[in-house]
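Chemist: got a predicted structure plus its sequence, pasted below:
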Amino acid sequence: MQATAGQIVEAVYGVPPALQALRTALAARKYGHAADVFAVVKKQHPELHLTENYVNVWGYALLRQGQAQPALEIFKLNVSLFPKSWNTYDSLAETYESTGNKPQAIENYRRSLALNPRNANTVERLRKLGTP
């Protein structure tokens, strides 16, 4: 629903130039090194501001579209922007898990759990991955 709401807002008001510059730059680099691309665009557009939730929704939208590698880069960007958020690591771990990268999934689930020891989903995912 959030993605749909975002599409409606963009249709009515347009995409802010800073966000469009980021999207264009990411597409040109095939989403590689998203955190570096963000830093360059941020220098050119200091008004660029991304919320944790916006980036997370963006990553999951890419994942649903079958674009696992771009989604992975967006989730890495979210971790770099919000390194103290357990949720950013959890989303990154889920993406690694969905792409079959078990070691990276476990590593990021552990980081998420360190930040939020009460995250039952992470405990369950680690258990299913065979990690105590």
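Modeler: Good, I have the coordinates.
Chemist: what's the burial count for the closest residue in space to Ala25 that isn't next to it in sequence?
Modeler: By the measure of Cβ to Cβ, 6 or more residues apart in numbering, the closest residue to Ala25 outside its immediate chain neighbours is Val37, 4.9 Å from it. Where C-beta positions appear, they are placed from N, C-alpha and C, glycine not excepted. For Val37, the tally of surrounding residues (other Cβ atoms under 10 Å) stands at 21.
Chemist: ditto for Pro46
Modeler: Around Pro46 there are 8 other residues, counting by other Cβ under 10 Å.
Chemist: and if you look at Leu113?
Modeler: Other residues near Leu113 come to 20 when the count uses other Cβ under 10 Å.
Chemist: what about the nearest residue to it once chain neighbours are set aside, which helix or strand?
Modeler: The spatial neighbour of Leu113 that comes closest, neighbours along the chain excluded (Cβ to Cβ, 6+ apart), is Thr122 at 4.8 Å. Taking DSSP states H and E as the definition, one finds Thr122 inside helix 120-128.
Chemist: buried ones in that helix, by neighbour count?
Modeler: Neighbour-count burial for helix 120-128, with 16 or more other Cβ atoms under 10 Å as criterion, is recorded at Thr122, Arg125, Leu126.
Chemist: now for the chain, the helix or strand with the poorest mean pLDDT.
Modeler: Within the chain, judged by mean pLDDT, DSSP states H and E, the helix or strand with the poorest mean is helix 2-13; its value is a mean of 59.
Chemist: helix or strand next in line after that helix, which one?
Modeler: helix 17-28.
Chemist: check whether Ser98 really touches Arg64, as I assumed.
Modeler: No. No contact is recorded between Ser98 and Arg64 when judged using Cβ atoms under 8 Å, the distance being 10.9 Å.
Chemist: where does the most centrally placed residue in the chain land on pLDDT?
Modeler: For the chain, the residue whose C-alpha lies nearest the mean C-alpha position (Cα atoms, centre = their mean) is Phe75; its distance is 2.2 Å. Taken from the predicted model, the pLDDT recorded for Phe75 is 98.
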